[in-house]
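Participant: I would like the atomic coordinates for the input below:
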Amino acid sequence: MQVSAQSAYVLHSRAYRESSALVDILTPQGRFRAVLRGARGKAGTLARPFIPLEMEFRGRGELKNIARLEAAGVPNLLSGSALFSGLYLNELLIRLLPAEDPHPELFEHYALSLRALAANPPLEPLLRSFEWRLLDELGYGFALDVDLAGQPIKRDGLYRLQPDAGMEQVAQLQPGLFQGADLLAMAQADWASPGALAAAKRLMRQALAPHLGGRPLVSRELFMNLKEPARD
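Facilitator: Here you go, the predicted model:
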């Protein structure tokens, strides 16, 4: 079976057999794994992350073959922290997005995120936005302005996350809590609010953790190593 041409991005590729590559691909119709034959030629230079592509696939099983691969836009040239951020988005998609599960709006958000990363914006708001969109697309999203009891979040309240459910108000101080003011700032994407970005990063880690199966994200470790100062 040959699939009609689709917009696509390569999320990851690795050598496969003598001259082929095993490629993880994101399209509006979902995430696929496919074999690219002749990966040492021109096609192999295109089968890299962050390049807008057009692809056709053949095959009925889970592992398809790439029948055609062409550039479909200007490559997103990422470097430094933006590069590691892009690799982080790719790893999240590979780890969390079910195979062949269509998410056209997530695909568009990913494409926009790559273009934004290429412009070297502040990274934290962009990463938090993508994490939130991914959770929501997978059905794991939750409200930031209303708690589990259906009550509006109080600015002076304290809350904890119940994964895949939402925010629960608590009466006593305990580790891992969130201030209501920070949750309301997140709900409005008000990243100028003091503490909102730090709280959002902590919240997204708590929300993503149950779905990552206890395995650390390689891109996150690489990013942390990049940010650590060199030692004598």
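
Participant: From now on I want contacts and neighbour counts done on CA atoms only, so please keep to that.
Facilitator: Fine.

Participant: Enumerate the positions of stretch 34-47 that are buried.
Facilitator: In terms of neighbour count (16 or more other C-alpha atoms under 10 Å), stretch 34-47 has its buried residues at 34, 35, 36, 37, 39, 43, 44, 46, 47.

Participant: Correction: the previous question concerned stretch 65-80.
Facilitator: For stretch 65-80, a neighbour-count test (16+ other C-alpha under 10 Å) marks 65, 66, 67, 69, 70, 71, 75, 76, 78 as buried.

Participant: Next, the contact list for residue 130, please.
Facilitator: With contact set as C-alpha atoms under 8 Å, 6 or more residues apart in numbering, residue 130 has these partners: 89, 109, 110, 113.

Participant: Next, give me the two most distant ones among the residues you listed.
Facilitator: Using C-alpha to C-alpha, the contacts of residue 130 reach their maximum pairwise distance at 89 and 109, which is 11.1 Å.

Participant: Residue ranges of each domain in the protein, please.
Facilitator: With automatic domain parsing serving as the domain definition, the record reports that the chain contains domains spanning 1-139, 142-232.

Participant: what's the host helix or strand of residue 114 in contact with?
Facilitator: Of the helices and strands defined by DSSP states H and E, residue 114 is found in helix 104-118. With C-alpha under 8 Å, 6+ apart as the test, helix 104-118 has contacts from 26-30, 50, 76-78, 82, 85-86, 123, 126, 130, 133-134, 137.

Participant: now swap in stretch 61-79 and tell me
Facilitator: Contacts made with stretch 61-79 from outside it, assessed by C-alpha under 8 Å, 6+ apart, are listed as 2, 7, 32-37, 43, 46, 50-59, 86, 114-115, 117-118.

Participant: That one - what's its average pLDDT?
Facilitator: Mean pLDDT, stretch 61-79: 89.

Participant: Next, the distance between the ends of it.
Facilitator: Stretch 61-79 stretches 36 Å from its first residue to its last (C-alpha to C-alpha, to the nearest Å).

Participant: just to revisit the earlier point, and the buried residues of stretch 65-80, which of them are in strands?
Facilitator: The members of those that map onto strands under DSSP state E are 65, 66, 67, 69, 70, 71.

Participant: Any idea which residue is closest to the centre of the protein?
Facilitator: In the chain, the C-alpha closest to the average C-alpha coordinate belongs to residue 89, at a distance of 3.3 Å (C-alpha atoms, centre = their mean).
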